[in-house]
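Visitor: below are the sequence and a predicted model; questions follow.
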Amino acid sequence: MIYVDNAATTPISPEVFEAMKPWLTEHYGNPSSIHAEGRKARTAIEQARKTVAHYLEASIGEIFFTSCGTESINTAIKRSVLDLGVQRIITSPIEHHCTLHSVEAVKRDYGIQVDYLPVSKTGQPDLDALRSFVSDQESPTLVTLMHANNEIGTLTPIREISSICQQAGVYFLPDTVQTIAKYPLSVKEMPVTFLAGSAHKFHGPKGIGFMYINGEVKINPLIDGGSQERTMRSGTENIAYIVGLAKALELYIKDRYARQKHIDDLRRYLAGQLLSAFPGAHLNGDGLDNTLYTVLSIAFPPHPKNELLLLQLDISGICASGGSACTSGAEAASHVLEGIGGDPDYKTIRFSFSHYNTLEEMDEVVRKIKAILG
């Protein structure tokens, strides 16, 4: 089996699993308990919080653990409306569904005004339109845009967007779920209101994430019931998974540049091989230089076997994707490709990589696709 669907989820690193094991088998205290076992669990959580805060150059009081990036983004959007008085949200039509559906929900439930920025053929949001939108804002406004698109990998200039939002006095939530650990992200250098992360995107366990909430902003919890996470998220903390998230983040940061070079070399090699083998094929997104280095989205020209390409790859032992893994269990039309004006007669496959992938695997992927479409 060749796994090239790392934008959907990554394999958990063995070192991460080893770090988690004691908290699944030996240390079972509730971190809210005041006895020794409880204090030990609390210490582990706070150490993990320090790891995340250090990475973001944030205060530990600004980091809160959640179940995933989706929960973090839902919390930021919905509580901005309820607690910060946000009456207008500016986003784009090619955001992840956790953003789009949350925005649609607050529009439906609270009558929030929603403005969608035009996007280019490569998936870049129109920053002139953004400047125009925020220049005439008359009510509290939230801007939410992806750092890297999960389907086509396009990197948006979030530092420039942060500056635009800061100058206009509007709130900013960049969706950084695909880019946490993969790039340096400092909230000192790039002021934002919220950030979101999910451990399973950087070789940690599924079911654990975090959110950054700027210390100058005060919102209420999305989940009520207790005083956990400094009263921001009720429910007994998932200690083992929190430890796993921090360990995965540490490992990725420690080896980031070596991993990036290895992965980007594989991505560029596969792109070159496929574009050469299939005249008329093209890359979705903003080329190879301004896209997330773990993602390669390639559109194959019309072919009688296109519709079964993803299925045939699966049968051949290659795990890839047609787009986001979060829409349904079945292959569905991509709102991202539609949003950038993609040709529906072309067949897009998203390959996404990790440092565990090899050059030999890329050669095998090319051979399999040639055999299917030959």
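Guide: Good, I have the coordinates. Numbers count the residues shown, from 1 in each chain.

Visitor: my guess is residue 37 contacts residue 29. True?
Guide: Yes - if you go by CB atoms under 8 Å, residue 37 and residue 29 touch, sitting 2.8 Å apart. Quick note: C-beta positions are derived from backbone N, CA and C, even for glycine.

Visitor: those two: who's more crowded?
Guide: Remark: of residue 37 and residue 29, residue 29 carries more neighbours, 17 against 14, as counted by other CB atoms under 10 Å.

Visitor: right, and that one touches residue 44 too?
Guide: No - using CB under 8 Å, residue 29 is not in contact with residue 44, being 9.7 Å away.

Visitor: who's residue 148 bridged to?
Guide: For residue 148, the beta-bridge partners are residue 155 (DSSP bridges).

Visitor: what residues are up against it?
Guide: With contact set as CB atoms under 8 Å, 6 or more residues apart in numbering, residue 148 has these partners: 154-156, 178-179, 291-292, 295.

Visitor: need those in JSON lines (columns: distance to residue 304 and pLDDT).
Guide: Shown next, in JSON lines, are these (distance: CB to CB, whole Å; pLDDT from 0 to 100):
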{"residue": "154", "distance to residue 304": "30", "pLDDT": "98"}
{"residue": "155", "distance to residue 304": "35", "pLDDT": "98"}
{"residue": "156", "distance to residue 304": "37", "pLDDT": "97"}
{"residue": "178", "distance to residue 304": "33", "pLDDT": "98"}
{"residue": "179", "distance to residue 304": "38", "pLDDT": "98"}
{"residue": "291", "distance to residue 304": "30", "pLDDT": "97"}
{"residue": "292", "distance to residue 304": "32", "pLDDT": "98"}
{"residue": "295", "distance to residue 304": "27", "pLDDT": "98"}
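
Visitor: and the two most separated of these?
Guide: Maximum pairwise distance among the contacts of residue 148 (CB to CB): 13.7 Å, between 156 and 295.

Visitor: counting neighbours, go ahead and name the busier of the two.
Guide: residue 295 (26 against 22).

Visitor: so what's the nearest residue to residue 310 once chain neighbours are set aside up against?
Guide: Among residues not flanking residue 310 along the chain, residue 322 sits closest, at 5.3 Å (CB to CB, 6 or more residues apart in numbering). With contact taken as CB under 8 Å, 6+ apart, residue 322 is in contact with 310, 331, 334, 348-350.

Visitor: of those, which is the most crowded?
Guide: Of the contacts of residue 322, with other CB under 10 Å as the count, residue 350 tops at 27 neighbours.

Visitor: can you tell me the SS state at it?
Guide: With DSSP: H, G, I helix; E, B strand; the rest coil as the basis, residue 350 sits in strand.
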